[in-house]
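# prediction below, plus the sequence it came from.
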Amino acid sequence: MNNLNNLNNKWGIAQRVIGIILYLVSAGMLVFSTYLCFSPDIWYDELYSIQFALKSVSEMVKLTAADVHPPLYYVIVHYLIRGFGYIGGALGVTIGTDTLAGNMPVIYAKMASVIPLVILFIYAVTIIRKRYGTLIGGLFSCAMIAMPQMADYSVEIRMYSWVMLFVTAMCIHAEPFLENDKDKQIRGLKWSKAFPVFIYGLLACYTQYYAAVAVAFVYLFLIVWSVRKNIYQLGILLISANFTAVAYFPWIGVVLSQAKSVSSNYWIQPLSLRSFGGIIKYLMKPGFFNEKLATILAVVIFILVAFAVVINIRDAYMWLCFMPVIGIIAFGFAASILLRPVFTYRYMIPGMAALWLGVLIASGRLLNVFGKDAGTEEKKAKPFEKALFAGGLLLTSLVIVFCIRDYWAFRGNELYKRVNMVETEKFWNSINAETTGKKTILVCNFDQVSAISLYYANGMRDVVGEQGEEPPVMVYLYGAMTDEVLANTFPGILSVTEPWEVWELVDSGSRVLFLGSFNSREDIIKEWEESPRPLSSENKGSYLLERYWFDVFEVTKK
């Protein structure tokens, strides 16, 4: 008995030490992610966010009513850009003559994506640590930043880190509603217990539609559990759920009207049985460059997670943490089968931090299996308990390895883009600084590059917002028509479909640059050279902008 107690004491100290180290590692990750925000490279989806966030709130809400996302995220970024701008101004950080132009709004918007992770880190240090111990708190602080797919959203100008905060915090505050101890159960209208669940759920609903699905499934689980285990708290949960529905009602009409436009977006691929494998791969495949090793490790951790779940199958809170991802997958598959494909793997992001919290809690119980019910001196560690401990230890070890490896891969990728962005910025600056009197025209063969070109070539500002004014640098999309979303968001992009139209642009006296993407650029250049009005193209270099490589060609008459 004494040997077992000594072992438990030493293991308890080891857990606290490892947990503290993981907290420090997580804090370092957050600091480094903030550092990575100081690079102005963005891709098309992020440009979409910036274009919305730079508008007035009234205009923003009006435009998002015709978009595929609710407005809350854009409102948050809108005010954070201005807030960081005031702070930057007070510290002497120059933004330029226009506070809504240049690099700083992009940097501020990226920093806005780190804030939710800082808040979740605080939850890990406080509530989660107190409930489940320092090790689980430290593991969660790493997992919510650096498990597969997670790190990218710490610097991306999209709503995913915010909605992950709202959904996860809702699950954290819902834990008291799953109390089995009769003396500790919630009874009656405990508003103080329900309010955090209500407010975080409502914020999630107004941030992303799939998050609203996650919130609905959390409430459904809480209601079903209450009917079975604690009917006395059912009233406050029903009131909270209905208040959420009432508060969300003004946007319900928008959701229904948007369903038609979303259902016509065929870029989302149809689902099949193989999609379940893709889901596991997305959630659990680490960022090792060796594809075979990464796949093997994904299978191993999936088996260990399944093992932990089976052992803790009666743990209601574990299942509550799983509900957001389960609900998103179930809804996504049902809607995709009955209507149109509307589910893609990244839509699971809102529930992924909660998912890993549930996994880590289950794993933590395996790690502390020894010594339970040790009422006699004859109590010894049984072989089955050793197997449970070994499974929990291997699972938590893999989580640590995955976090370190995935964040390191993320770091390398971001630094690679950051280095290349230096040269790309020089290219955009050279266009902005043109003093020859010639008008510059950019021709692109990829719609996403045409959108970001319109933004960067015109000084990184909301050129669309300048109604009735022609932007200094015109952008044309060659050989394709802009889709409805692109046309509505960036109406300044024009289209040309024939070589003679490009020839006329050159003949107008403007400087014409072709930003060619993919191998098709060589075919386009050959087509121009062999047309009745031939054009020649001189390669001025290759540039990387976030994830887009493009070659720049100076186009002149042959």
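Alright, I've got the coordinates. Numbers count the residues shown, from 1 in each chain.
# residues near the nearest residue in space to Ala457 that is not next to it in sequence, how many?
Leaving aside its chain neighbours, Ala457 sits nearest to Val473 (4.0 Å; criterion: Cβ to Cβ, 6 or more residues apart in numbering). For every residue, glycine as well, the C-beta is placed using N, CA and C. Look at Val473: counted by other Cβ atoms under 10 Å, it has 24 neighbours.
# for Val473, grab phi and psi.
Main-chain dihedrals, Val473, degrees, to the nearest 10: phi -110, psi 120.
# Gly541 now?
Dihedral pair for Gly541: phi 130, psi 160, per degrees, to the nearest 10.
# now the closest residue to it other than its chain neighbours: how far from Leu513?
Distances taken as Cβ to Cβ, 6+ apart put Val552 closest to Gly541, at 5.8 Å, once the chain neighbours are dropped. In this structure, Val552 lies at 6 Å from Leu513, with Cβ to Cβ, to the nearest Å as the measure.
# name the residues linked to the residue nearest to Gly541 by a beta bridge.
When assigned by DSSP bridges, Val552 has beta-bridge partners Leu515, Gly541.
# show the contacting residues for it.
Applying Cβ atoms under 8 Å, 6 or more residues apart in numbering to Val552 gives the contacts 427, 513-516, 539-543.
# which stretches of the stretch 351-500 of the chain aren't confidently modelled?
Applying pLDDT under 70 to the stretch 351-500 of the chain flags the ranges 370-382, 433-437, 462-469, 483-488.
# so Met104 is in contact with Tyr86, correct?
No - with the criterion set as Cβ atoms under 8 Å, Met104 and Tyr86 do not qualify as a contacting pair; they are 11.7 Å apart.
# the two: who's more crowded?
Residue environment comparison for Met104 versus Tyr86 gives the larger neighbour count to Met104, 22 against 10, counting by other Cβ under 10 Å.
# tell me what the helix or strand where the more buried one lies is packed against?
Assigned by DSSP states H and E, Met104 belongs to helix 103-123. For helix 103-123, the contact count by 3 or more Cβ pairs under 8 Å, 6 or more residues apart in numbering; DSSP states H and E identifies helix 2-36, helix 44-53, helix 72-90, helix 134-146, helix 160-174 as packing neighbours.
# now the shortest one - C-alpha only, CSV.
Extracted in CSV, the C-alpha atoms of helix 44-53 (Å, rounded to 0.1, in the frame of the first residue of the first chain):
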residue,chain,number,x,y,z
TYR,A,44,-8.5,35.3,-51.0
ASP,A,45,-10.7,34.3,-48.0
GLU,A,46,-8.7,36.6,-45.8
LEU,A,47,-9.1,39.5,-48.3
TYR,A,48,-12.8,38.8,-48.1
SER,A,49,-12.7,39.3,-44.3
ILE,A,50,-10.7,42.5,-44.6
GLN,A,51,-13.0,44.0,-47.3
PHE,A,52,-15.9,43.4,-44.9
ALA,A,53,-14.2,44.5,-41.7
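# average pLDDT for that helix?
In this model, helix 44-53 has a mean pLDDT of 88.
# roughly how far apart are the most centrally placed residue in the chain and Tyr73?
With distances taken as Cα atoms, centre = their mean, the chain has Tyr160 as the residue nearest its mean C-alpha position (3.4 Å). Shown here: Tyr160 relative to Tyr73, a distance of 9 Å by Cβ to Cβ.
# what do the two both touch?
Counting by Cβ under 8 Å, 6+ apart, the shared contacts of Tyr160 and Tyr73 are Gln208.
# ok but Leu477 is inside a helix, no?
No - residue state for Leu477 (DSSP: H, G, I helix; E, B strand; the rest coil) corresponds to strand; a helix is not indicated.
# on that earlier part again, could I get the helices and strands packed on helix 103-123 as TSV with distance to Val118?
Supplementary listing: the helices and strands packed on helix 103-123 in TSV, determined by distance: least, Cβ to Cβ, whole Å:
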stretch	distance to Val118
helix 2-36	6
helix 44-53	20
helix 72-90	13
helix 134-146	10
helix 160-174	9
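# of all those, which one comes closest to Ala241?
Evaluated over these, closeness to Ala241 peaks at helix 160-174, with 11.6 Å, by Cβ to Cβ.
# and the closest one, what's buried?
Taking 16 or more other Cβ atoms under 10 Å as the basis for neighbour counts, the residues of helix 160-174 that come out buried are 160-174.
# before we move on, the earlier item: what touches both of Val552 and Leu513?
If you check Val552 and Leu513 against Cβ under 8 Å, 6+ apart, the residues they both contact are Lys540.
# quick one on the thing from earlier: out of the buried residues of helix 160-174, which is nearest to Ile525?
Among the buried residues of helix 160-174, Tyr160 lies closest to Ile525 (Cβ to Cβ), at 38.2 Å.
# verify the stated contact: the closest one with Ile349.
Yes - if you go by Cβ under 8 Å, Tyr160 and Ile349 touch, sitting 4.4 Å apart.
# between those two, what contacts are shared?
Shared contacts of Tyr160 and Ile349 (Cβ under 8 Å, 6+ apart): Tyr153.
# returning to what we had before: of the helices and strands packed on helix 103-123, which approaches Tyr200 most closely?
Going through those one by one, with Cβ to Cβ as the measure, helix 160-174 comes closest at 3.9 Å.
# the closest one to helix 103-123, inter-axis angle?
Angle of helix 160-174 versus helix 103-123, following axes from the mean of the first three to the mean of the last three Cα atoms, to 10 degrees, is 20 degrees.
# average pLDDT across helix 160-174?
Along helix 160-174, the predicted confidence averages to a pLDDT of 97.
# same question, stretch 235-242
Per-residue pLDDT values across stretch 235-242 average out to 96.
# got it, and stretch 11-19?
This predicted structure assigns stretch 11-19 an average pLDDT of 92.
# hmm, who's touching it?
Under the contact criterion Cβ under 8 Å, 6+ apart, stretch 11-19 has outside partners 129, 133-139, 367-368, 370.
# who wins on neighbours among the residues you listed?
Neighbour max across the contacts of stretch 11-19 (other Cβ under 10 Å) = Leu139, 32 neighbours.
# how about the nearest residue to Gly516, chain neighbours excluded?
Nearest in space to Gly516, with sequence neighbours left out and distances taken as Cβ to Cβ, 6+ apart, is Asp551 at 4.9 Å.
# which parts of the stretch 301-450 of the chain are strands?
Ranges of strands in the stretch 301-450 of the chain, per DSSP state E, counting those that start in this stretch, are 440-444.
# what about the residue nearest to Pro324 when sequence neighbours are not counted, how many residues nearby?
If the residues on either side of it in the chain are set aside, Pro324 comes closest to Gly351, at 2.8 Å by Cβ to Cβ, 6+ apart. Residue neighbour count, defined by other Cβ under 10 Å, stands at 31 for Gly351.
# contacts only, for Gly351.
With contact taken as Cβ under 8 Å, 6+ apart, Gly351 is in contact with 164, 167, 214, 323-325, 327-328.
# make TSV from those residues and add distance to Gly412 to it.
What follows is these, written out as TSV (distance: Cβ to Cβ, whole Å):
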residue	distance to Gly412
Met164	23
Val167	29
Ala214	32
Met323	35
Pro324	30
Val325	28
Gly327	34
Ile328	30
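# Pro70 belongs to a strand?
No - the assignment for Pro70 (three-state DSSP) gives coil, which keeps it out of a strand.
# in contact with it, which residues?
Shown in contact with Pro70 (Cβ under 8 Å, 6+ apart): 64, 205-209, 251, 254.
# and the residues you listed, which of them are in helices?
Within the contacts of Pro70, membership in helices is found for 64, 205, 209, 251, 254, as judged by DSSP state H.
# over to the residue nearest to the first one when sequence neighbours are not counted: give its phi and psi.
Okay, so that is Thr64. If you skip the residues right next to it in sequence, Thr64 has Pro71 as its closest partner in space, 4.1 Å away by Cβ to Cβ, 6+ apart. Backbone geometry at Pro71, expressed as degrees, to the nearest 10, gives phi -90, psi -10.
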